[in-house]
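Q: Predicted model, plus sequence, below.
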Amino acid sequence: MDAFNRAAIVGLAFVWVILMALVILLTWGADTETIDRLGDLVSYLNDHTDNASKLILTLGVAALIVLSLIVIVAELVPAEPAAAEVRLESVTGATAVLPTEAITQRLEFELRSLAQVQEAQAMVAARDRGLAVALNLTLTSDANVASATEEACRVVQETVEQKIGVALVGLPTVQIRFGPPVAAPPPPPETDAPEEKA
């Protein structure tokens with residue numbers, strides 16, 4: 001029904017634009033004999049054939065055309081999708097819904113706590129049977145890629161399935177980058193031992 005309503009509104013707006021364009025065309029191009037045959041609107045045009053009246057009518061009709069075009073654009077532009085949400089099946093006694101954005105933030109927090117991870121970005125998508133997760137990880141320059149990836153996947157699986165209570169659909173997709181080496185902190189300055197007085 002919503003699609004039918006939108007199509008009807010767009011169709012009416014297009015018809016209105018065509019009618020207004022026809023009014024402008026008749027205002028500027030119709031001769032006196034045609035104006036006499038068109039009735040009340042044409043008699044108004046016949047009474048106001050000076051350029052100032054035609055300009056006022058043209059501007060008014062142009063404003064109506066712009067309004068109709070705005071309606072067409074508003075109806076044809078797709079609506080912004082609602083934030084994806086996941087229903088938590090593990091909660092009993094209530095219906096719990098969690099936005100995927102909250103899950104993304106939780107995963108990024110958990111991943112940043114890993115020793116070999118400098119930066120983590122997670123993308124979470126709701127699926128029919130759970131969540132699909134993709135990761136962009138920036139590892140320390142001396143990180144072991146295999147162990148860091150396994151640890152990140154373990155953290156994702158544990159966080160999603162055990163802490164949040166949603167099934168993980170497939171294995172996470174992980175994209176790895178290396179960050180700049182972290183400079184070691186400078187050694188503390190040596191202080192001279194105080195001299196003992198004899």
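A: Yep, that arrived. Numbers count the residues shown, from 1 in each chain.

Q: what about Thr104, which SS state?
A: helix (DSSP: H, G, I helix; E, B strand; the rest coil).

Q: go on, Leu171?
A: Of the three states, Leu171 takes coil under three-state DSSP.

Q: what about the spatially closest residue to it that is not a sequence neighbour, distance to Val86?
A: Distances taken as Cβ to Cβ, 6 or more residues apart in numbering put Cys153 closest to Leu171, at 6.6 Å, once the chain neighbours are dropped. All C-beta atoms are positioned from the backbone trio N, CA, C, and that covers glycine. Separation of Cys153 from Val86 (Cβ to Cβ, to the nearest Å) stands at 19 Å.

Q: Which of the two has more residues huddled nearby?
A: The residue with more neighbours, out of Cys153 and Val86, is Val86; 23 against 17, by other Cβ atoms under 10 Å.

Q: Not counting stretch 130-148 itself, show me its contacts.
A: With contact meaning Cβ atoms under 8 Å, 6 or more residues apart in numbering, stretch 130-148 is reached by 86, 100, 103, 107, 111, 114, 116-125, 149, 152, 156, 160, 166-170, 172-182.

Q: Could you break this protein into its assigned domains?
A: 2-76, 85-178 (automatic domain parsing).

Q: Out of these, which is closest to Pro186?
A: Smallest distance to Pro186 across the domains of the chain (Cβ to Cβ): 18.9 Å, for domain 85-178.

Q: quick one: terminal-to-terminal distance for the closest one?
A: Taking Cα to Cα, to the nearest Å, domain 85-178 runs 32 Å from one end to the other.

Q: so of the contacts of stretch 130-148, which ones are in helices?
A: Under the assignment DSSP state H, these contribute 100, 103, 107, 111, 149, 152, 156 to helices.

Q: Could you give the number of residues near the first one?
A: Each residue near Thr100 was counted by other Cβ under 10 Å, and the total is 19.

Q: so what's Gly170 up against?
A: Ala132.

Q: can we see that at 10 Å?
A: By Cβ atoms under 10 Å, 6 or more residues apart in numbering, Gly170 lies in contact with 127, 130-133.

Q: buried subset of the residues you listed?
A: For the contacts of Gly170, a burial check counting by 16 or more other Cβ atoms under 10 Å picks out 130-133.

Q: what about the biggest helix by length in the chain, distance to the chain center?
A: If you go by DSSP H, the chain has its longest helix at helix 2-29. Distance of helix 2-29 from its chain centroid, counting by Cα atoms, centre = their mean, to the nearest Å, is 31 Å.
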